[in-house]
Each structure stands twice: as structure tokens, then as C-alpha cells.
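> take a look and give me a structure for this.
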Amino acid sequence: MIYRGKVRKLIMSDGSEYIGQGFGEDSGNRVCELVFNTSPVGYQEIMSDPSYTDQFVTMAYPLIGNYGINDDDNETVTPTIGGFVVRDYNDQPSNFRSGKTLSETLKELGIPGISGVDTREIVRKIRNAGTGKALITDADTTLEEGLKIIEETVLGNDAVSRVSRPLIERYIAADAKYHIAAIDFGMKENILRSLLKRSCSVTVFPWNVTAEEVMKAKPDGVFLSNGPGDPADVKEAIELVRNLRGKYPILGICLGHQIISLACGAKTYKLKFGHRGGNHPVRNLETGRIEITSQNHSYAVDEASLPGTGLTVTHRNLLDGTVEGVKCEKDRIFCVQYHPESSPGPHDSSYLFDEFLKVIK
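Sure thing, here's the model as predicted:
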């Protein structure tokens, strides 16, 4: 079925134009960073992942919307994704769990989508030239006008503060054996579920919590979540880890991994087009095992900056050789760049939550 929405336009910063049909919010202008994701399923989890704040996600898989949206699979209550760029949007989902269409959901949230464009070409351009800004706009916006809007729009560096919980929240496991302090930089709900089902009560703190506040809660371990943006912008979190280092077992994923590395003295850098998908192979250097992982990030840890930090590399990406995990055994710190909670993606690396609890024991 070909979706017939309002005619809209995608303009890339390199001057490329794509005419398609709008869905979701189909009026006004929106400028975001344009990225791509290779997952064939999981558009609802991608749509609701706070790590996609201020990003247009181009879905490499062509068919999007075919199983609708349900109330159970969101990774956050209020999604902050910039928008969706898709090849074929289906507005008549077939799924007994579906309560709304993707377009209805995006419309309620004020998030634009555009379909009917050549996503294969867009993905190749991002892969070859790297990520950049793009504009979703009305069809009558000229290329000259669109490029001026893109040039004049400055993307914010405060995404973590916008998506983090503003207040402390507590979640009690029925058979609680451990108490985890989780720092929310844009934490996905499946992380919380993964900890609760392992008999962990969780106290979730805002992104800018102090070490004193965390220690006052008397946790058994500290967890640092995923989140959007440049880790170097989250200076309060870097200072937090410096103050907690060696006092508690600490597990970090994605942005949490980068923040731990920066706190220990390493450096990070922006990847050309990032890692986003559910099929990235990672080698566990300690076991030799290869894990197929779920990933969503723009930044990576610079391996050349690790000497002298006390951190050693534990995992490596087999596609480009980048660092996917580090640890400091002495300080009981370990972290990975990928998502062990998946959602969407395989569950090859969910054992990391169990490893965290072993360190706590």
C-alpha cells in the first residue's frame, strides 16, 4: 500500500532534496542531525529512545509502521526523537497489540515524518560524507530558503538535561536483594525492567546528582545509563564518577561508558556516522566470544588515550575496530558502548547485568 500524505520535503545540508509524503506532524520546519539505523524491526523502541533526541532517523529497512504502536513497548513516556525518514510508511497496521498508528503517535508528540524518499541513497550519503544537519519542511520551501534555515539553526548541547528525570524516583523489587543507584541521562525503560527482574530495587537520580546524594542513598552499586549528545557536555556526570570511583561497583552503558572513560582521564571523539542498529558484532576480548549487539551512539572512546587511566579494553567492534568496552578491576568499574538491555535487538549481552551483580556480591 502506498501512503498518500501531504507533500513534504527533506533538504540535506549538502544541497540534496527529496520530495515525499509527510506523516506525523506534517507542517512547519524542523532541523535536526540526520542519522540512519539498520534495524529491520523495533521502530517503536527507536522512536521512544531518548538517545535519538534532536535526530532525524533514516530507517534503512524499507517498511515502517506495519505493526502500529502499543502501550507496552515505549522506552520513555515522552519521546524526543527529531523525526523519521522512511521509504514505505504503512498507515493500516496489522497487529492485535496495536492501539494507534505510528503517524497518530508522532502527530500527538509534534514529531514529523517523511515517507516515499530514497532511503538507500540517503544512507549511502550519510555513510560516505558523515552525519550533518537536515530540514523537514513544506514542499514549497525552496532549496535556497531551506539551506539558509539549516545554516542558521544551532543544535543544542543540553539534550541530557531535557530528557533526564527531574526528580528522584524509587522502584522496589518484590524480592529485593540489591539496591542500585541509577543515574538517568535518558535511560530506557528496559534497563529498569532488566534490573528489577534481577531482584534489584532501583533509585533513579537526575543527571546532575551529586556524589553526596548518591552515597546518602547507600546503594550496593551505581549504574550509568545511555543518553543523547556529546559526553563531554555532561561535566556534572564526569565529576560524579570521579568522586564515586572506587567507592562502589559501577556499570555504565553507551553514554555512561563514555562518561566513565572521560572521568578516568580518557578522551572521546565523534564517529563519522555513528553506530545504530541491532546487528553489530562485538568481540569479548576476555572470553573470545562474539556478541551480536544493539547500538545507538555518535561518539566513541579514543583507545590511544587509555594508557595511564587504569582502564583496559574488554570489548572491540568487529566492523571498525573501535573500543566497545573497558574496565578497571581495582576500582570495580566496567562499561560497554552497546546496549545489553537491547530493545530492539538481540539479547547476547544481557549477561552483563548478571556480571554487575557478581561484582556487587
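> roughly how far apart are L240 and V209?
According to Cβ to Cβ, to the nearest Å, L240 and V209 sit 7 Å apart. From N, CA and C alone the C-beta is placed, and that goes for glycine too.
> cool, and L357?
22 Å.
> equivalent analysis for L352, please.
Distance check for L352 against V209: by Cβ to Cβ, it reads 23 Å.
> can you check M47 too?
28 Å.
> so those two - more neighbours on which side?
Legend: neighbour count by other Cβ atoms under 10 Å for M47 and V209, higher for M47 (27 against 20).
> quick one, phi psi at the more buried one?
phi -60, psi -40 (degrees, to the nearest 10).
> surely it meets P79?
Yes: between M47 and P79 a contact is recorded at 5.5 Å, counting by Cβ atoms under 8 Å.
> residue contacts, L147?
Going by Cβ atoms under 8 Å, 6 or more residues apart in numbering, L147 touches 11, 13, 15.
> tell me which helix or strand I260 sits in.
Taking DSSP states H and E as the criterion, I260 maps to helix 255-263.
> what's the following helix or strand after that helix?
Sequence-wise, the next helix or strand downstream of helix 255-263 (DSSP H and E) is strand 268-284.
> what residues of that following strand count as buried?
Buried residues in strand 268-284, counted by 16 or more other Cβ atoms under 10 Å: 268, 273-278, 280, 282-284.
> could I get the full set of helices for the stretch 151-300 of the chain?
With DSSP state H, counting those that start in this stretch as the criterion, the stretch 151-300 of the chain has helices at 159-163, 189-196, 211-216, 235-244, 255-263.
> using a markdown table, please lay out those helices together with mean pLDDT, mean neighbour count and distance to N37.
Shown next, in a markdown table, are those (pLDDT from 0 to 100; neighbours: other Cβ atoms under 10 Å; distance: least, Cβ to Cβ, whole Å):
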| stretch | mean pLDDT | mean neighbour count | distance to N37 |
| --- | --- | --- | --- |
| helix 159-163 | 97 | 22 | 18 |
| helix 189-196 | 96 | 20 | 17 |
| helix 211-216 | 98 | 14 | 33 |
| helix 235-244 | 98 | 18 | 25 |
| helix 255-263 | 98 | 28 | 17 |
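> and of those helices, who's closest to I180?
With Cβ to Cβ as the measure, helix 189-196 is the member of the helices of the stretch 151-300 of the chain nearest I180 (5.7 Å).
> relative orientation of the closest one and helix 255-263 in degrees?
In terms of direction (axes from the mean of the first three to the mean of the last three Cα atoms, to 10 degrees), helix 189-196 departs from helix 255-263 by 80 degrees.
> so which elements touch helix 189-196?
Using 3 or more Cβ pairs under 8 Å, 6 or more residues apart in numbering; DSSP states H and E, the elements in contact with helix 189-196 are strand 178-183, strand 200-205.
> kindly export that helix (C-alpha atoms) in PDB.
Taking Å, rounded to 0.1, in the frame of the first residue of the first chain, the C-alpha atoms of helix 189-196 are listed here in PDB:
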ATOM      1  CA  GLU A 189      12.700   1.600  30.400                       C
ATOM      2  CA  ASN A 190      14.000  -1.800  29.500                       C
ATOM      3  CA  ILE A 191      17.100  -1.100  31.600                       C
ATOM      4  CA  LEU A 192      14.900  -0.600  34.600                       C
ATOM      5  CA  ARG A 193      13.000  -3.800  33.800                       C
ATOM      6  CA  SER A 194      16.300  -5.700  33.400                       C
ATOM      7  CA  LEU A 195      17.400  -4.600  36.900                       C
ATOM      8  CA  LEU A 196      14.000  -5.100  38.600                       C
END
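> quick one: pLDDT of the nearest residue to D302 once chain neighbours are set aside?
The shortest distance from D302 to any non-neighbouring residue, by Cβ to Cβ, 6 or more residues apart in numbering, is to K267 (4.4 Å). The score at K267 is 98. That number is its pLDDT.
> returning to that earlier point: nearest to S98, out of the buried residues of strand 268-284: which one, please.
Nearest to S98 among the buried residues of strand 268-284: G278, at 21.0 Å, using Cβ to Cβ.
> correct me, but that closest one touches S342?
Yes: counting by Cβ under 8 Å, G278 does reach S342; the two are 7.2 Å apart.
> so what sits against both of these two?
Listed as contacting both G278 and S342 by Cβ under 8 Å, 6+ apart are S294.
> how close does the most centrally placed residue in the chain get to V163?
In the chain, the C-alpha nearest the mean C-alpha coordinate belongs to S51, at 3.1 Å (Cα atoms, centre = their mean). Distance of S51 to V163, computed by Cβ to Cβ: 9 Å.
> same question for G252.
For G252 relative to V163 (Cβ to Cβ), the value is 17 Å.
> show me where this structure dips below the pLDDT cut-off.
Low-confidence segments of the chain (pLDDT under 70): 1-2.
> domains of it?
The chain breaks down by automatic domain parsing into domains covering 7-152, 159-360.
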